[in-house]
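A.B. asks: sequence-free structure coming up:
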């Protein structure tokens, strides 16, 4: 799996009236180098159509594309992988379904979950929510940047920090040890999506420097 630093998740509720494909292409043009389709409300048929189109878009830009939860849809469109949560199918079973070459990401909220995901063969883990966030329902309490430090010290697979990360607080996330950050609204809800992604990419690079 190649290195990445700005992971953007779809959030159509935050850009009403603007086409999903256009918004995500603007994000990629601005520096998003990992894309996830997350859609909890559309029909399976609609999710399949979106996945198919986004997969084509990401392939054109050579950016990894993964699908949240829907393993069968990810496989049907030949996405690069899937992302699962703590309440989803066990990692070993997911691996059996997707094969050894697909990317599997796992959301984690505490160290033992992260260690279990690493041991189970996850390719990367999501670490969060770092700050309070309104982008997702049923969110656990913020784990703060101390969780990033814990992960950095104990886990060797790539990880992405997620949850309430904005341009103004990304520096403390990077300084805590994160190599990559995941955003939804900070990019997709912006009036100028490409500029928002560029600003976030610049802030990440400045924090790393």
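C.D. replies: Looks like it arrived, so ask away. Quantities reported herein were computed from a predicted structural model and do not represent experimental measurements.

A.B. asks: test my guess that residue 5 contacts residue 207.
C.D. replies: No. Counting by C-beta atoms under 8 Å, residue 5 sits too far from residue 207 to count as a contact (10.3 Å). C-beta coordinates here come from the backbone N, C-alpha and C atoms, glycine included.

A.B. asks: more neighbours: which of those two?
C.D. replies: It is residue 5, of residue 5 and residue 207, that has more neighbours when counted by other C-beta atoms under 10 Å, with 19 against 15.

A.B. asks: not counting sequence-adjacent ones, nearest residue to the more buried one?
C.D. replies: Nearest non-adjacent residue to residue 5, counting by C-beta to C-beta, 6 or more residues apart in numbering: residue 180, 4.7 Å away.

A.B. asks: please apply the same query to residue 65.
C.D. replies: Nearest to residue 65 is residue 58, by C-beta to C-beta, 6+ apart, at 3.6 Å.

A.B. asks: and the host helix or strand of the one you found, what does it pack onto?
C.D. replies: For residue 58, the element it lies in under DSSP states H and E is helix 44-61. Under the contact definition 3 or more C-beta pairs under 8 Å, 6 or more residues apart in numbering; DSSP states H and E, helix 44-61 sits against helix 20-29, strand 34-37, strand 65-68, helix 71-76.

A.B. asks: in CSV, list these along with mean pLDDT and mean neighbour count.
C.D. replies: What follows is the helices and strands packed on helix 44-61, written out as CSV (pLDDT from 0 to 100; neighbours: other C-beta atoms under 10 Å):
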stretch, mean pLDDT, mean neighbour count
helix 20-29, 98, 20
strand 34-37, 98, 26
strand 65-68, 98, 25
helix 71-76, 98, 18
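
A.B. asks: and the ones you listed as CSV, adding distance to residue 14?
C.D. replies: CSV is the format used below for those (distance: least, C-beta to C-beta, whole Å):
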stretch, distance to residue 14
helix 20-29, 9
strand 34-37, 14
strand 65-68, 16
helix 71-76, 22
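
A.B. asks: and of these, who's closest to residue 162?
C.D. replies: For residue 162, the closest of the helices and strands packed on helix 44-61 is strand 34-37, at 10.2 Å, according to C-beta to C-beta.

A.B. asks: who does the closest one touch, helix- and strand-wise?
C.D. replies: Checking 3+ C-beta pairs under 8 Å, 6+ apart, strand 34-37 ends up next to strand 6-9, helix 20-29, helix 44-61, strand 65-68.
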